[in-house]
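Novice: dropping the sequence and predicted coords here.
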Amino acid sequence: MGTWSGYQKHLQHRSWSASTCLDSGSFVSAFCFAVFAATTRKDAIGDAARSTGNAAISTFESAKTINNEHNITGKAYEAATASVAKAREVNSQYKITDKLGQAFNFTASKAKELEEKHNITSKVGGAVALGMDSLTKAMGKGNKSGDSVAPASSGFPDVPK
């Protein structure tokens with residue numbers, strides 16, 4: 001099974017083919033090609049790629065066997081279906097999504113009213129701009145001496161020119 005034809009038969013046996021890689025997008029296609037190329041090498045890289053592939057297939061086969069024995073995916077599907085049904089029942093009884101929608105709309109309308117009345121975003125924007133101007137001045141830009149270093153009293157260490 002060290003040749004491509006052996007791997008191809010192995011993969012086709014599991015209903016998976018190279019077309020999956022080619023149909024999955026350029027990154028996935030490139031990755032699949034790199035894996036294929038690595039498996040054809042006759043050195044340690046090729047051995048590692050084949051061993052990794054065999055381990056992945058073995059892990060998948062083990063998971064598939066366990067699932068077949070214990071019906072894990074079936075039970076997970078049933079649990080998810082029951083959970084969705086219960087959530088719909090609770091929502092129908094208590095109107096949770098309706099109440100959340102009303103609360104959101106109320107909050108959004110109050111926020112809009114506050115913005116229109118107090119012009120908050122403009123004031124915050126102006127305050128941020130003023131703060132940035134002050135920080136720039138404190139860092140030494142625009143000081144009277146023209147130095148680009150912060151004054152010693154600013155609390156910042158002196159920076160060599």
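Specialist: All right, it came through fine. Numbering: from 1, shown residues only.

Novice: quick one: name whatever helix or strand follows the helix or strand hosting D98.
Specialist: Following DSSP states H and E, the helix or strand that holds D98 is helix 96-118. Next in sequence after helix 96-118, counting helices and strands by DSSP H and E, comes helix 120-138.

Novice: and the helix or strand where F27 lies, what's buried?
Specialist: According to DSSP H and E, F27 maps onto helix 26-39. By 16 or more other C-beta atoms under 10 Å, the buried positions in helix 26-39 come out as F36, A38, T39. Just so you know, the C-beta spots here come from the backbone N, C-alpha and C atoms, and that holds for glycine as well.

Novice: do stretch 57-69 as well
Specialist: Going by 16+ other C-beta under 10 Å, stretch 57-69 has these buried residues: I57.

Novice: quick one: distance of it to the chain centre.
Specialist: Chain-centre distance of stretch 57-69: 28 Å, with C-alpha atoms, centre = their mean, to the nearest Å.

Novice: dump it to PDB, restricted to CA.
Specialist: Output of stretch 57-69 as PDB, limited to C-alpha atoms (Å, rounded to 0.1, in the frame of the first residue of the first chain):
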ATOM      1  CA  ILE A  57      -7.400   6.000   8.800                       C
ATOM      2  CA  SER A  58      -7.100   3.700  11.800                       C
ATOM      3  CA  THR A  59      -8.400   6.400  14.100                       C
ATOM      4  CA  PHE A  60     -11.400   7.000  11.800                       C
ATOM      5  CA  GLU A  61     -12.100   3.300  11.600                       C
ATOM      6  CA  SER A  62     -12.000   2.900  15.400                       C
ATOM      7  CA  ALA A  63     -14.300   5.900  15.800                       C
ATOM      8  CA  LYS A  64     -16.600   4.400  13.100                       C
ATOM      9  CA  THR A  65     -16.700   1.000  14.900                       C
ATOM     10  CA  ILE A  66     -17.400   2.600  18.300                       C
ATOM     11  CA  ASN A  67     -20.200   4.600  16.700                       C
ATOM     12  CA  ASN A  68     -21.700   1.600  15.000                       C
ATOM     13  CA  GLU A  69     -21.600  -0.400  18.300                       C
END
